[in-house]
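**Student:** Everything below, folded, please.
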Amino acid sequence: MAESKIPADVAKMSFEEALGELQALVRALEKGESKLDEAVQFYERGAALKRHCEAKLRDAQEKVAKIVIGADGSVGSEPVDLG
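**Tutor:** Numbers count the residues shown, from 1 in each chain. Below you'll find the model as predicted:
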């Protein structure tokens, strides 16, 4: 799987679905009970889920704008800096 490629099933997930699965994978890996091959699969799946969540957050941030009032009283908007 290419580093930036997100599997189709992951791409269809909502942010909440992807985050929930990512959290479950992290818990499974933290237990340390997985065999090596399974742990590698979990890691790869988790990396794809992380990229998907990051993309969803970027998309949401681009849609959010704060309303600003200029010195002359004009109303406009500008991107919100959430970082």
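
**Student:** what secondary structure does L25 sit in?
**Tutor:** Under DSSP: H, G, I helix; E, B strand; the rest coil, the three-state class of L25 is helix.

**Student:** Please report the number of neighbouring residues for it.
**Tutor:** 21 (other Cβ atoms under 10 Å). Yep, even glycine has a C-beta here, placed from its N, CA and C like the rest.

**Student:** Could you pull up the residues touching it?
**Tutor:** If you count contacts by Cβ atoms under 8 Å, 6 or more residues apart in numbering, L25 has them with 42, 45-46, 49.

**Student:** give me the element the residue nearest to S14 when sequence neighbours are not counted is part of.
**Tutor:** Leaving aside its sequence neighbours, S14 sits nearest to K56 (Cβ to Cβ, 6 or more residues apart in numbering; 7.8 Å). Counting by DSSP states H and E, the element that carries K56 is helix 36-63.

**Student:** The helix or strand following that helix pairs with which strands?
**Tutor:** Sequence-wise, the next helix or strand downstream of helix 36-63 (DSSP H and E) is strand 65-69. Strand pairing for strand 65-69, using DSSP bridges, gives strand 75-79 (antiparallel).
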